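# Here's a sequence, model it:
(2 chains)
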Amino acid sequence: GIQVEQSPPDLILQEGANSTLRCNFSDSVNNLQWFHQNPWGQLINLFYIPSGTKQNGRLSATTVATERYSLLYISSSQTTDSGVYFCAVAFYNQGGKLIFGQGTELSVKP
Amino acid sequence: EAQVTQNPRYLITVTGKKLTVTCSQNMNHEYMSWYRQDPGLGLRQIYYSMNVEVTDKGDVPEGYKVSRKEKRNFPLILESPSPNQTSLYFCASRKSGANVLTFGAGSRLTVL
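Alright, predicted model coming up:
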């Protein structure tokens, strides 16, 4: 079946460290998004990135569609970066439905 | 402010007591959807609606009903809630043909 796998499942960082989160998917996609869920449960869209690279402040994302993976980079992490990061994809043969990975839980310590 | 509003945000109920979680958006979006979030499973789609009077099942529709009588509203109905429906629920919407979903703040439901 269709798979969206994120790694690592958990990550603990010291403030100021950098990190890379990975999302692998099993088929061609026409939509890929990264979300941050803050400790209060709110889901915030970080990037819409079906291919290529985008940057927004300390965050950047790269999707290599031909190799079926996406990376989210967090530089100079801050405690406010803590939470769960989700990758969500829509596959061409699934009518645009977003399918979420299991998430990476990030904890940034002061 | 453009937003998706869910109510209630928190609810504790008992098995078998019918409940409705409301979802309303003020962005004139055609597409609306409900997801549930469970530990280790990410978010899974329950139902979605492409437009008024058009609804379809997602991946985990059992035990839920929806309706789309107006464009702005997409309520989630649990006719006879059971403990396995204890979860965090999200409503989301987007413009037809758009790529990015806007999510509500979530509704945490506990069924005892």
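# quick one: low-confidence ranges for chain B?
Within chain B, no stretch has pLDDT under 70.
# Spell out which parts of it neighbour chain A.
B:35, B:40-45, B:48, B:58, B:88, B:90, B:99-103, B:105-106, B:108 (CB under 8 Å from any CB of the partner chain). Every C-beta, even on glycine, is put in place using the N, C-alpha and C of the backbone.
# out of those residues, which are inside strands?
Among the residues of chain B next to chain A, DSSP state E puts B:35, B:42, B:43, B:44, B:45, B:48, B:88, B:90, B:102, B:103, B:108 in strands.
# List phi and psi for residue A:80.
phi -70, psi -10 (degrees, to the nearest 10).
# burial of it, as a residue count?
Other residues near residue A:80 come to 11 when the count uses other CB atoms under 10 Å in any protein chain shown.
# which residues sit in contact with it?
Counting by CB atoms under 8 Å, 6 or more residues apart in numbering or on different chains, residue A:80 touches residue A:108.
# what pLDDT does it get?
pLDDT for residue A:80: 95.
# Please report how far it lies from residue A:57.
Computed as CB to CB, to the nearest Å, the residue A:80 to residue A:57 distance reads 12 Å.
# need the contact list for residue A:76.
By CB under 8 Å, 6+ apart, the neighbours of residue A:76 are A:16, A:17, A:18, A:58.
# and if we set it to 6 Å?
A:16, A:58 (CB atoms under 6 Å, 6 or more residues apart in numbering or on different chains).
# Now do the phi/psi pair for it.
According to degrees, to the nearest 10, residue A:76 has phi 50, psi 60.
# repeat for residue A:24
According to degrees, to the nearest 10, residue A:24 has phi -110, psi 140.
# what do you get for residue A:78?
phi -120, psi 160.
# cool, residue B:84 as well?
phi -70, psi 0.
# how close does it get to residue A:73?
Taken as CB to CB, the span from residue B:84 to residue A:73 is 37 Å.
# what does residue B:87 give?
Taking CB to CB, one finds residue B:87 at 31 Å from residue A:73.
# show me what contacts whichever residue of chain A sits closest to chain B?
At 3.8 Å from chain B, residue A:100 is the closest residue in chain A, using CB to the nearest CB. Neighbour list for residue A:100: A:86, A:88, B:42, B:43 [criterion: CB under 6 Å, 6+ apart].
# Leaving out the residues flanking it, which one is nearest to residue B:76?
Using CB to CB, 6 or more residues apart in numbering or on different chains and skipping residues adjacent in sequence, the residue nearest residue B:76 is residue B:21, 4.5 Å away.
# Show me which residues of chain A are close to chain B?
By the rule CB under 6 Å from any CB of the partner chain, the part of chain A lying against chain B is A:31, A:41, A:42, A:43, A:45, A:48, A:100, A:101, A:102, A:103.
# go again using 7 Å as the cut-off
A:31, A:33, A:41-43, A:45, A:48, A:86, A:97-98, A:100-103 (CB under 7 Å from any CB of the partner chain).
# Which two of those have the greatest separation?
A:31 and A:41 (23.2 Å; CB to CB).
# neighbour-wise, which of those two wins?
Neighbours were counted for residue A:31 and for residue A:41 using other CB under 10 Å; residue A:31 has more, 20 against 16.
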